[in-house]
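Asker: The amino acid sequence is not available; the structure is as follows:
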């Protein structure tokens, strides 16, 4: 199920299903609001998005109320999360998924929001979108690339290629091959929180898009590898068609040799295309892509192509 595309002039609702809007610096808030308004969108904010507790978040009840209200409001055409965090999985069991299924809309965010995007897709079949938060538009870091792919994915119907930004320069081929499948994934450690629950998407015939933020310093590559191993051991992983890795921060020390060694030790990853250094995750700029949408991967020594054909 695909929600109607966004149009200039439409209302976008900002919600805070993880951390509160109140933690965003005023300058970032002002820049984001100005940018999106200048693009031609009407921006509204959910009733409880500024509520703030000791976890820099708000109550489960408040977050659920705002999520449901955003999907029910006929004037709202798309929903942006304000920022990520650490606790969106608290609300998953309280969501009325039938309400969302009856009122399909664009929902976009990343990081901790990975759990919400993938659970809604798993429970309803609605395509959701891994892309910028509201706050992401408040940073002047290669915004042209980020906004271009936001528009390609959410405002247009045409097939599009995800091409490297100027900062990425190029994609790295870890293993060659061709594959087509539906996208699931996002932030790896957050996706893994869904394992063993009713909110985990079926991994069969899927292309995994995976990235992670460096919260553990010099231990990042070890943490990433064990999280990847955990995902590999999930039921249905044998049906995964390919893997796309996001661009890592320099401090992660995840160069192409490290990734190739990591992949070479895992027999379950043989014979599927794997590429890395793709523009999504916690490094600006980044592309928007559909969770549940269809992508083609073509990867060989001479060319890499990521083609989103259903979004």
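Answerer: Structure received. Just so it is clear, the structure is predicted and the values come from calculations on it, not from any experiment.

Asker: which residues in this protein form helices?
Answerer: In the chain, helices defined by DSSP state H lie at 26-38, 60-72, 97-102, 114-124, 143-154, 188-191, 220-232, 256-264, listed in chain order.

Asker: closest one to residue 280 among the ones you listed?
Answerer: Of all the helices of the chain, the one in closest proximity to residue 280, counting by CB to CB, is helix 143-154 (9.0 Å). Where you see a C-beta, it was placed from the backbone N, CA and C, and this is true even at glycine.

Asker: Need the residues that contact that closest one.
Answerer: 5-6, 35, 39, 78, 106, 108, 129, 131-132, 136-137, 158, 160, 162, 165-166, 279, 284-290, 308, 311 (CB atoms under 8 Å, 6 or more residues apart in numbering).

Asker: can you pull the buried residues of it?
Answerer: 143, 145, 146, 147, 148, 149, 150, 152, 153, 154 (16 or more other CB atoms under 10 Å).

Asker: Next, the angle from the longest strand seen in the chain to helix 220-232.
Answerer: Criterion DSSP state E: the longest strand present in the chain is strand 177-187. With axes from the mean of the first three to the mean of the last three CA atoms, to 10 degrees defining the directions, strand 177-187 sits at 110 degrees from helix 220-232.

Asker: In strands, which of the contacts of helix 143-154 fall?
Answerer: 78, 106, 108, 129, 160, 289, 290, 308.

Asker: Can you tell me the centre-most residue of this protein?
Answerer: residue 130 (2.6 Å; CA atoms, centre = their mean).

Asker: For that one, which non-adjacent residue is closest in space?
Answerer: residue 186 (4.8 Å; CB to CB, 6 or more residues apart in numbering).

Asker: how much space between that neighbour and residue 88?
Answerer: Counting by CB to CB, to the nearest Å, the gap from residue 186 to residue 88 is 12 Å.

Asker: quick one: which of these two has more around it?
Answerer: Higher neighbour count among residue 186 and residue 88: residue 186, with 30 against 27, using other CB atoms under 10 Å.

Asker: number of nearby residues for residue 198?
Answerer: 11.

Asker: again with residue 164
Answerer: By other CB under 10 Å, the residues close to residue 164 number 17.

Asker: Test my guess that it contacts residue 275.
Answerer: No: using CB atoms under 8 Å as the test, residue 164 is too far from residue 275 to be in contact (10.7 Å).

Asker: Provide a list of residues in contact with residue 40.
Answerer: Contacts for residue 40 (CB under 8 Å, 6+ apart) come out as 8, 9.

Asker: And it, how far from residue 167?
Answerer: Relative to residue 167, and taking CB to CB, residue 40 is found at 27 Å.

Asker: same check, this time on residue 152
Answerer: 18 Å.

Asker: Domains in this structure, by residue range?
Answerer: The chain breaks down by automatic domain parsing into domains covering 11-140, 160-310.

Asker: Pick the most buried one from those domains.
Answerer: A comparison of the domains of the chain by mean neighbour count, using mean count of other CB atoms under 10 Å, puts domain 11-140 on top with a mean of 20.

Asker: chain center to that domain, what's the gap?
Answerer: The chain centroid and the centroid of domain 11-140 are separated by 12 Å under CA atoms, centre = their mean, to the nearest Å.
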